[in-house]
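Novice: when you get a sec, could you give me coordinates for this:
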Amino acid sequence: MSVCPSCGQENPEIARFCLHCGAALATGAHREERRVVSVLFVDIVGFTSRAEQLDPEDVRSFLTPYYERVRTEIERHGGRIEKFVGDAVLGIFGAPVAHGDDAERAVRTALAIRDELQLMNHADQELDLQARLAVNTGEAIVDLDARPEQGETMVVGDVVNTASRLQAAAPINGVLVGRETHAATRSTIAYATAAPVLAKGKAEPIAVWIALRAAAPAGERALSHAPLVGRERDLDLLGRLWDQVCDERRPHLVTVIGPAGIGKSRLAEEFARSVESQGGLPLRGRSIPYGESSAYGAFAQHVKQAAGIFDSDSPEVAREKLSGLLQTDSESIENLALLLGFQIDRDVDREALFFVARQFVESIARDRPTMLVFEDIHWADSSLLDLIEVLTVRTQDVPVLFVALTRPELFTSRPAWGGGLISATSLALDPLPEREAEHLAAQLLAGRIEGDYAERLAAAAEGNPLFIEELAAVVVERSVGEADALPTTIRSILAARLDALEPDERAILLDAAVVGKIFWRGALERIERRSVGLSVLLGALQERGLIRREAVSRIQGDEQYTFKHGLLRQVAYATVPRALRRERHATVARFLEETTTATGESAATLAFHWREAADVERAVSYFVQAADYAGRGWAKERAVGLYNEAFQLLPEGDERRLDVGRKRAVAFQALYHLPDAASLARRVEE
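Specialist: Predicted coordinates for the structure are as follows:
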C-alpha cells in the first residue's frame, strides 16, 4: 500500500493517484521528512504469563476484540497503527499528515482505550484486561511511503524508544506522558504529577505526568486569561452589525477568518459578553475535528443550550424539553430530534430538516435578540455549512446574528462560502500590530522573569496571540536559552498548515525554505529541475497568504519572493531531512555563485549555504571573505562573528586556524577600541 501525502489514505500499489482525494502518488524511492509526532504505546499487563496457560484459540478470542477496539480508537482520532507486537500496539499521530493537535489526539486516544478496556471487562467477567499506556512527543524521521503491513517502519527516532520506556513504567490502567506531550496538552487534559522515570539508556530521569481525564471538549482550547489587546476595531465592527440586526430585525452572517491562534474564539467570547450585557442571547456551537456523532453537531449544541438538554438526558426527556421550547407538531419535534443526532423511525428530506431548524431560530429570536456562534466551521460537514447559509437567507423578521469562525482552509473546499448572500460580512483577523503584541508579551511576562523579553517574543511570534503565550510559557517555565526553540504546539499548528497544501505547493514551499526567508524563482528551478508549472504554484501560495512576490529583485531578470511568516519558513525548513538539505543548499550556493557579484553580503550568504552543504573548504573561504569586507567597512562586531564561524569549521591542526585566529583577534581589538576612536574623532572635530 502507498500512503497519500495529502490526505493519508492508503492506496493499492498499482495506484498512481489517490483513490480518496485524487492527488498524485509518489513512485520510486521513499520520501522522508523530519516531523514532530506523538507516539502511543499500549501493552496488556501479564499477557505472556496468562497466554501460556490458555489454548491458542482462547488467546485469539480476547486479542481480536482488543486489537479492534484499539485500532478503532486510534483511527477515529486521526492516528495510524504503526505495528502490532504480540499484545502491544504502537500508534502514530502527526504522520503522514499533521492535524495541529496530534499530541492531544494521542492522549485522548489513550484515555479512550483505557476506558474501552474497562467496558470490555464489564461485558465479559472472564476478560480482566489491564494495560499500561504511554504517550511521548518529539521529532522523528518519518518515511511517508512506508508500508507497515510489509514490515516497513514509518517512524524512527528517540521519541519511539522513550515512549516504550514510559509505557513500561506506567501504572496499571494508567496513561503516562512525557514533557513535550504534557506541555502541548495541559490546557485540555487533566494531569496528576508523577515521580520521574529512570529509563535505560537515559542519562537523566524523564519528567512524566499521569493523564487523568479530558478537561475540555475535543478540539477546544481553554481561552486565555490574558487581556484582549489590539481588537478594538474588530469588536466595534461586530457591535455595529449587532445593532443593525436588532434595529432592522433582519438576520446577518459574519464570517471571522484567521489562522490558528490568531484569536477568533477569544474575540467571539468577548463579543458574546457584550451581547449578553445588552439583553441578547448568545449560543455557542463548535464543529470538532474527530468523533462527531452528528453532521449538524454545532447547531445541535445551540438547540441543547436553548432547551436545557444535557448529554446525559434520555431521548424521551430530550423530546419533552424540545416540545417545551418549540410549540409545534410532533413531526417537527421528531425532525429536530434527528438534527440533534437522535434516531427516528422514518426518513426525512433535507427541506424538512432545514425548515424545522428555521422554526427553532425564529422561535427563540422572537423572544430575545440572538447570536449563534459556529466555531471551527473549517471542520464542519458540508451539510452544516449549507444549513448556515440557508438560515441566513430564509430566516425572517427576527434579530439573529450568525457568527462563523474559520481558518482560511475552509475556502479550499468551499471557495464560494458566503458568496451571493445579501446580508453577509467577512472579517479577517490580522496579526496584532507591533505595539499591541509587545504589550501582550509584557503582560504575560510581568513579574515572572527578570529582563525585558517582550519585544523579542512579540517579534518571534509575528503578532499571533497564541504563539506569544506559548513562547512566553517556554521562557517562564524552562529557560531563556530555550526561547529560540519553537514549542511543540506552534510547530504542530504550522505543520498542519503545511500539510493542508496541495502536494506540489507544499514541495515548492519546502524548497523555498532552504533558499531562505527571501528566495528566487531561478533557485527553485534549479532545485526542482523544472520551470513549467512554477508560476501557477507560486501564484497559489501567494493567494494563500504564505509568500509574497516583491516588486524589486536583487537578481536582475529573476523573480524575488519572501515568506510572509518567518515561523512557517522555520517549520518548513525543519521538515527537510539533513541529507536532502545538504543537496539543496549546494544547489542554491551554485546558483548564487553564478548570479550574484562578490560583495560582503553575498559572501556571507554563500558561506552559510556551503556550510550547510557540508563543504568546509568553500564555507571557510567565503566566511573569511565576508569578514574581510565587514572589517574594511568598520563593522567590526560582524567581522569578529564571521571570522569565528570560519575558525570553528577548521579542524585542529589545520595551519589556516592560525591566520584566521589572528584576523579574529585584530578585529576584536578594533571592536574593543572603537568607542575610544569615536571619542577621539569627536574631539578632533571640536
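Novice: which parts of stretch 154-165 are buried?
Specialist: 154, 155, 157, 159, 160, 161, 162, 163, 164, 165 (16 or more other CB atoms under 10 Å). Heads up, the C-betas are built off the backbone N, CA and C, glycines and all.
Novice: quick one: contacts of the helix or strand where the last one lies?
Specialist: Read that as residue 165. For residue 165, the element it lies in under DSSP states H and E is helix 158-169. Contacts with helix 158-169, where a contact means CB atoms under 8 Å, 6 or more residues apart in numbering, come from 37, 39-43, 88, 90, 132-140, 176-178, 197, 199-202, 206, 208.
Novice: next helix or strand past that helix?
Specialist: strand 174-177.
Novice: the helix or strand hosting residue 358 packs against which elements?
Specialist: In this assignment (DSSP H and E), residue 358 forms part of helix 350-367. Counting contacts by 3 or more CB pairs under 8 Å, 6 or more residues apart in numbering; DSSP states H and E, helix 350-367 packs against helix 297-307, helix 315-325, helix 330-339, strand 370-375, helix 382-394.
Novice: that helix to helix 382-394, inter-axis angle?
Specialist: 50 degrees (axes from the mean of the first three to the mean of the last three CA atoms, to 10 degrees).
Novice: identify all contacting residues around helix 350-367.
Specialist: Outside helix 350-367, the residues touching it (CB under 8 Å, 6+ apart) are 281, 296, 299, 303, 306, 325-328, 332, 335-336, 338-339, 370, 372, 383, 386-387, 390-391, 394-400.
Novice: helices of the stretch 51-200 of the chain, residue ranges please.
Specialist: 56-76, 102-123, 158-169, 179-185 (DSSP state H, counting those that start in this stretch).
Novice: enumerate the positions of the strand or helix carrying residue 404 that are buried.
Specialist: Counting by DSSP H and E, the element that carries residue 404 is strand 400-406. By neighbour count on 16+ other CB under 10 Å, the buried set for strand 400-406 is 400, 401, 402, 403, 404, 405, 406.
Novice: now stretch 64-84
Specialist: For stretch 64-84, using 16+ other CB under 10 Å, the buried residues are 65-66, 69-71, 73-74, 77-83.
Novice: so what's residue 332 closest to, chain neighbours aside?
Specialist: Leaving aside its sequence neighbours, residue 332 sits nearest to residue 356 (CB to CB, 6 or more residues apart in numbering; 4.8 Å).
Novice: other SSEs contacting the strand holding residue 404?
Specialist: Against strand 400-406 (3+ CB pairs under 8 Å, 6+ apart) you get helix 232-248, strand 252-257, helix 264-277, strand 370-375, helix 382-394.
Novice: dump it to CSV, keeping only the CA atoms.
Specialist: Taking C-alpha atoms only, strand 400-406 is exported to CSV below (Å, rounded to 0.1, in the frame of the first residue of the first chain):
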residue,chain,number,x,y,z
VAL,A,400,-30.3,37.0,14.6
LEU,A,401,-26.6,37.4,14.1
PHE,A,402,-24.9,34.2,12.8
VAL,A,403,-21.1,34.3,13.6
ALA,A,404,-19.0,31.7,11.9
LEU,A,405,-15.4,31.3,12.9
THR,A,406,-13.0,29.6,10.5
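Novice: residues in contact with the helix or strand that it is followed by?
Specialist: Remark: after strand 400-406, the chain's next helix or strand is helix 410-413, criterion DSSP H and E. Here helix 410-413 makes contact (CB under 8 Å, 6+ apart) with 257, 377, 378, 417, 500.
Novice: now do the buried residues in helix 410-413.
Specialist: So helix 410-413, judged by 16+ other CB under 10 Å, has buried residues 410, 411.
Novice: now do it: distance to the chain's middle.
Specialist: 17 Å (CA atoms, centre = their mean, to the nearest Å).
Novice: ok so, going back, which members of the buried residues of stretch 64-84 are the farthest-apart pair?
Specialist: The distance between the two most remote of the buried residues of stretch 64-84 (CB to CB) is 22.3 Å, for 65 and 78.
Novice: which of the helices and strands packed on strand 400-406 sits closest to residue 458?
Specialist: Nearest to residue 458, of the helices and strands packed on strand 400-406 and by CB to CB, is helix 264-277 at 17.2 Å.
Novice: quick one: the closest one to strand 400-406, angle?
Specialist: Using the same axes, to 10 degrees: helix 264-277 against strand 400-406 is 160 degrees.
Novice: so what's residue 171 up against?
Specialist: 132, 210.
Novice: please read the previous query as pertaining to residue 116.
Specialist: Contacts of residue 116 by CB under 8 Å, 6+ apart are 69, 70, 73.
Novice: out of those, which is nearest to residue 240?
Specialist: Among these, residue 73 lies closest to residue 240 (CB to CB), at 46.4 Å.
Novice: quick one on the thing from earlier: and the two most separated of the buried residues of strand 400-406?
Specialist: Checking the buried residues of strand 400-406 with CB to CB, the most distant pair is 400 and 406, at 18.9 Å.
Novice: the nearest residue to residue 568 once chain neighbours are set aside - how many residues pack around it?
Specialist: Nearest non-adjacent residue to residue 568, counting by CB to CB, 6+ apart: residue 494, 5.3 Å away. Counted with other CB atoms under 10 Å, residues neighbouring residue 494 total 27.
Novice: can I assume residue 494 sits in a strand?
Specialist: No - using DSSP: H, G, I helix; E, B strand; the rest coil, the assignment for residue 494 is helix, not a strand.
Novice: that one contacts residue 567, correct?
Specialist: Yes - using CB atoms under 8 Å, residue 494 is in contact with residue 567, at 6.1 Å.
Novice: how about the helices of the stretch 51-200 of the chain in TSV, adding distance to residue 229 and mean pLDDT?
Specialist: Output for the helices of the stretch 51-200 of the chain, formatted as TSV (distance: least, CB to CB, whole Å; pLDDT from 0 to 100):
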stretch	distance to residue 229	mean pLDDT
helix 56-76	38	83
helix 102-123	27	93
helix 158-169	36	93
helix 179-185	24	94
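Novice: indicate which one of these is closest to residue 622.
Specialist: helix 158-169 (34.3 Å).
Novice: and the gap between the spatially closest residue to residue 270 that is not a sequence neighbour and residue 262?
Specialist: Spatial nearest neighbour of residue 270, chain neighbours left out: residue 228 (5.4 Å); criterion: CB to CB, 6+ apart. According to CB to CB, to the nearest Å, residue 228 stands 13 Å off from residue 262.
Novice: I'd say residue 306 and residue 282 touch.
Specialist: No - counting by CB under 8 Å, residue 306 stays clear of residue 282, with 11.0 Å between them.
Novice: tell me which element residue 38 falls in.
Specialist: strand 32-44.
Novice: that strand pairs with which strands, parallel or anti?
Specialist: The strands that strand 32-44 pairs with in its sheet are strand 88-93 (antiparallel), strand 131-143 (antiparallel) (by DSSP bridges).
Novice: want to throw those strands into TSV with mean pLDDT?
Specialist: Formatted as TSV, those follow (pLDDT from 0 to 100):
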stretch	mean pLDDT
strand 88-93	92
strand 131-143	94
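Novice: what's the closest of these to residue 424?
Specialist: So among the strands paired with strand 32-44, strand 88-93 is nearest, using CB to CB, at 36.5 Å.
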